[in-house]
Structures are given as structure tokens and as C-alpha cells.
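Asks: Structural data only, the sequence is not supplied:
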Ligand SMILES: NC(=O)c1ccc[n+]([C@@H]2O[C@H](COP(=O)([O-])OP(=O)(O)OC[C@H]3O[C@@H](n4cnc5c(N)ncnc54)[C@H](OP(=O)(O)O)[C@@H]3O)[C@@H](O)[C@H]2O)c1
């Protein structure tokens with residue numbers, strides 16, 4: 001069994017990483033902030049480590065202290081990251097800068113793990129360019145959002161450093177219990193509203209959070225290091241198929257609303273400026289528009305399945321059912 005440090009443990013994916021690690025019998029160190037919620041971190045076996053990822057010096061001291069107490073990390077899963085911000089510079093600061101801080105501090109404290117596992121994103125590659133062909137590793141990354149660019153910068157740092165072995169996982173859209181972004185889509189269908197941007201269809205890919213955490217822990221059993229992997233359930237789905245599955249499971253009929261792309265672009269430009277003026281966070285911004293009008297978010301995760309003997313358990317239909325059941329049980333729907 002291993003000692004595993006998990007950053008961003010308080011979030012959606014992080015909380016399931018912690019649960020999976022405990023289920024497998026690992027000793028889990030949950031790296032969170034003093035302000036982080038512990039709503040999903042109630043298990044008494046969790047060891048909490050309060051970190052300031054913006055401060056390499058304090059991180060280094062903290063690792064040295066733990067080392068002096070005889071603690072080491074076999075694996076570090078660096079999952080902390082921001083997907084929505086007030087100011088776009090924050091993407092680079094957190095997703096790229098904090099990754100560098102964490103890695104540098106572990107190296108300075110001579111606390112290198114066997115693997116530093118970085119949770120990146122498909123957004124680091126951007127949408128597929130070949131006519132609806134799945135995005136693959138050999139493609140040239142071309143992120144269309146500030147978020148994607150920050151993840152790509154962090155990936156490039158990992159690939160160029162020689163401080164410690166690494167693995168990079170690039171999940172596509174992750175859904176499952178506790179998730180709050182796809183939840184707005186499910187809620188909308190539950191309220192009989194089905195919204196589309198523009199007339200063209202989008203090709204999407206998904207990974208259920210249970211499968212994502214499964215492959216991350218499977219990767220610890222392998223000798224493979226210094227490689228990057230896309231993570232999907234192996235299928236592609238149109239936006240209409242996603243809606244159809246949800247409607248069937250919720251047993252709802254919907255009113256279909258198609259909003260022309262240029263209107264969305266104008267509205268999002270206004271909401272983004274208004275949010276900046278009020279120092280608030282909005283996801284209705286230029287980056288979201290760029291994501292929504294990109295037609296191809298399918299990607300190829302064959303290598304991930306081969307290298308880690310990863311067999312996703314959740315097709316979209318099975319995964320959405322589990323997710324909707326959780327939302328209903330917890331009165332979110
Ligand atoms: N959800 C997806 O569809 C998806 C897809 C691909 C990749 N990812 C990546 O997966 C990771 C986890 O995402 P998630 O969906 O679980 O998001 P989430 O629920 O928002 O969790 C983010 C986690 O990162 C921590 N964090 C954020 N800013 C931080 C900061 N400045 N300092 C320290 N910790 C900070 C949060 O801590 P607090 O609780 O203290 O805020 C939280 O624990 C991210 O790196 C994200 O980019 C997500």
C-alpha cells in the first residue's frame with residue numbers, strides 16, 4: 001500500500017480520488033486550503049495537509065517537516081486547479097504556476113515521489129481539427145481557452161523538467177455525483193428546457209468520475225512514466241444524444257430552444273464585462289463561447305486503456321443514470 005498526496009482533495013474529482021484511495025487501502029494525505037470545505041472529506045482515515053500552493057518556500061518547509069517525521073509520498077496526484085476565475089491571469093497563476101511550485105518544493109525538500117500525476121484537461125489540446133476525427137496525442141495542441149492554455153503550459157513544464165517522473169492525464173468532460181456544471185444541463189432538462197447554440201451539432205466525449213479515479217490509481221501500479229494520456233469512456237456522443245439519454249432517464253419531454261451563435265457571442269461578451277466590473281465569476285464568457293462553438297470534442301483514449309488495462313465501466317447512459325439517481329437522492333433534482 002502507498003502513501004498518496006492528493007491536492008484539490010476538497011473538490012468534485014479530488015473527493016472521489018480520496019475515497020478511491022482509501023477503498024484501495026492507501027494512506028491518503030489530502031492537501032487542502034484552510035478555507036476548503038470538508039463536506040466530502042469526513043472519513044477519519046484522511047490525513048489533512050494544509051497547503052499554500054502559491055508559496056514554494058512554505059511548501060518546501062512543510063515537506064521537510066513531514067520528512068523529519070518519517071513521512072514520504074509514494075505518489076502525488078496534483079489535481080487542484082481552477083476552471084472558472086474572476087481574472088483570466090488566475091488560470092496561469094494556479095493551473096500552471098502552482099504546479100511548478102508544488103513540483104519545485106518537493107524536489108527542494110528531496111521528497112520526490114515515484115510519480116507526480118498531473119490532472120490536466122482535454123482543453124489543453126483544444127478541439128479536434130480533422131473533420132470529426134477523435135483528437136489524438138500526435139495532434140498539435142491548440143487550446144481555444146485561457147484555461148486550456150494554462151494546462152498546456154503546466155504540461156510543457158512537466159515534460160521539460162527532470163526533477164521527478166510524471167504522468168499526465170487529460171480527462172474530457174467529467175461528470176458524476178457532486179458535480180455542479182453538467183448539473184445545470186440536467187436541471188434544465190428536468191425543467192423541460194433543451195437549449196442548443198447554433199444549428200450545427202457538437203461531438204462530445206465524457207468520462208464518469210468513478211472511471212477517472214480508477215485509471216489514476218491503476219496508473220500507480222504500472223512502470224510507465226513520463227507520458228500523457230487522454231481519458232474518455234471510449235465513445236463519442238452528439239449533444240442531441242446526450243440530451244436524449246437524459247430525457248429518457250428523467251422521463252421528461254422538452255421544449256427545444258436554438259439560440260443563434262452570434263447572439264450567444266454578444267450576450268457572453270456583455271456578461272463577461274459585467275462580471276469583471278462587479279468582480280464576480282461568470283462562466284458565460286468568451287472562453288465558454290469558444291468551447292460551445294467548437295464542433296469536435298471527441299478524443300482517442302485507446303492508449304490509456306492499453307497501458308493501464310483500463311476498461312471504463314460507465315457508458316454515458318449508465319453513468320448519467322447513477323448521477324441522476326444521486327442528484328435525486330440528494331434533492332438536487
Ligand atoms: N470537472 C471536469 O470536467 C474536468 C475536466 C478535465 C480536467 N479537470 C481538472 O480536474 C481538476 C479538479 O477539477 P474539479 O472538477 O474537481 O474542480 P473543483 O470541484 O472546482 O475542485 C477544484 C479543487 O482545486 C482546489 N483549488 C482551486 N483553486 C485553488 C488554489 N488557488 N489553491 C489551492 N487549491 C485550489 C479547490 O480547493 P477549494 O475547495 O479550497 O476551492 C478544489 O479542491 C482540475 O485541475 C481541473 O482542471 C476537470
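Replies: Noted; the coordinates are in hand. Only a predicted model underlies this, so the values are computations on that prediction, with no experimental measurement involved.

Asks: CA only for contacts and neighbour counts going forward, please
Replies: Will do.

Asks: quick one, what contacts the nearest residue to residue 219 once chain neighbours are set aside?
Replies: Computed as CA to CA, 6 or more residues apart in numbering, the closest residue to residue 219 that is not its neighbour in sequence is residue 308, at 5.8 Å. Taking CA atoms under 8 Å, 6 or more residues apart in numbering as the criterion, residue 308 is in contact with 215, 218, 219, 222.

Asks: in which helix or strand would I find the second one?
Replies: Put plainly, it is residue 218. Using DSSP states H and E, residue 218 maps to helix 209-218.

Asks: just to revisit the earlier point, could you check how far the residue nearest to residue 219 is from residue 210?
Replies: Shown here: residue 308 relative to residue 210, a distance of 15 Å by CA to CA, to the nearest Å.

Asks: same question, residue 86
Replies: From residue 86 to residue 210 the distance is 30 Å (CA to CA).

Asks: Strands along the stretch 101-250 of the chain, start to end?
Replies: Assigned by DSSP state E, counting those that start in this stretch, the stretch 101-250 of the chain shows strands spanning 115-119, 166-171, 173-175, 193-197, 203-204, 206-208, 227-231, 237-238.

Asks: what packs against the fifth one?
Replies: Same thing as strand 203-204. Here strand 203-204 touches strand 237-238, going by 3 or more CA pairs under 8 Å, 6 or more residues apart in numbering; DSSP states H and E.

Asks: What is the strand it packs on packed up against?
Replies: So strand 237-238, by 3+ CA pairs under 8 Å, 6+ apart, packs with strand 203-204.

Asks: Just among the contacts of residue 308, which is most surrounded?
Replies: residue 219 (21 neighbours; other CA atoms under 10 Å).

Asks: Kindly report the residues of the stretch 151-300 of the chain close to the ligand.
Replies: Within reach of the ligand by CA under 6 Å from any ligand atom, the stretch 151-300 of the chain has these residues: 171, 172, 173, 174.

Asks: quick revisit: let me have the strands of the stretch 101-250 of the chain in CSV, adding distance to residue 39, mean pLDDT and mean neighbour count as columns.
Replies: Shown next, in CSV, are the strands of the stretch 101-250 of the chain (distance: least, CA to CA, whole Å; pLDDT from 0 to 100; neighbours: other CA atoms under 10 Å):
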stretch, distance to residue 39, mean pLDDT, mean neighbour count
strand 115-119, 22, 98, 24
strand 166-171, 24, 98, 23
strand 173-175, 19, 98, 21
strand 193-197, 31, 92, 18
strand 203-204, 31, 95, 22
strand 206-208, 21, 98, 26
strand 227-231, 27, 98, 21
strand 237-238, 33, 96, 16
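
Asks: For residue 78, which of those strands is the nearest?
Replies: strand 115-119 (4.9 Å; CA to CA).

Asks: Contacts for the closest one next, please.
Replies: 74-79, 103, 164-171, 216, 220, 225.

Asks: From what I see, residue 293 and residue 261 are in contact.
Replies: Yes - judged on CA atoms under 8 Å, residue 293 makes contact with residue 261 at a distance of 7.5 Å.

Asks: Find the residues that touch each one of these two.
Replies: The contact lists of residue 293 and residue 261 share 197, 198, where a contact means CA under 8 Å, 6+ apart.

Asks: related to what we said a few turns ago, residue 325: which of the contacts of residue 308 is nearest?
Replies: residue 215 (23.5 Å).

Asks: Now do the same for the residue lying closest to the closest one once chain neighbours are set aside: helix, strand or coil?
Replies: Nearest residue to residue 215, sequence neighbours excluded (CA to CA, 6+ apart): residue 310, at 6.1 Å. Of the three states, residue 310 takes coil under DSSP: H, G, I helix; E, B strand; the rest coil.

Asks: what's residue 310 sitting at in phi/psi?
Replies: Phi and psi for residue 310, reported as degrees, to the nearest 10, are phi -100, psi 120.

Asks: quick one: contacts for it?
Replies: So residue 310 contacts 215, 218, 304 (CA under 8 Å, 6+ apart).

Asks: residues contacting the residue in the chain sticking out farthest from the centre?
Replies: Distance to the chain centre peaks in the chain at residue 68, reaching 32.9 Å (criterion: CA atoms, centre = their mean). Residues near residue 68 by CA under 8 Å, 6+ apart: none.

Asks: Distance check, it against residue 172.
Replies: In terms of CA to CA, residue 68 sits 39 Å off from residue 172.

Asks: and the residue lying closest to residue 256 once chain neighbours are set aside, what is it in contact with?
Replies: Nearest non-adjacent residue to residue 256, counting by CA to CA, 6+ apart: residue 194, 4.7 Å away. With contact taken as CA under 8 Å, 6+ apart, residue 194 is in contact with 188, 243, 254, 255, 256, 257.
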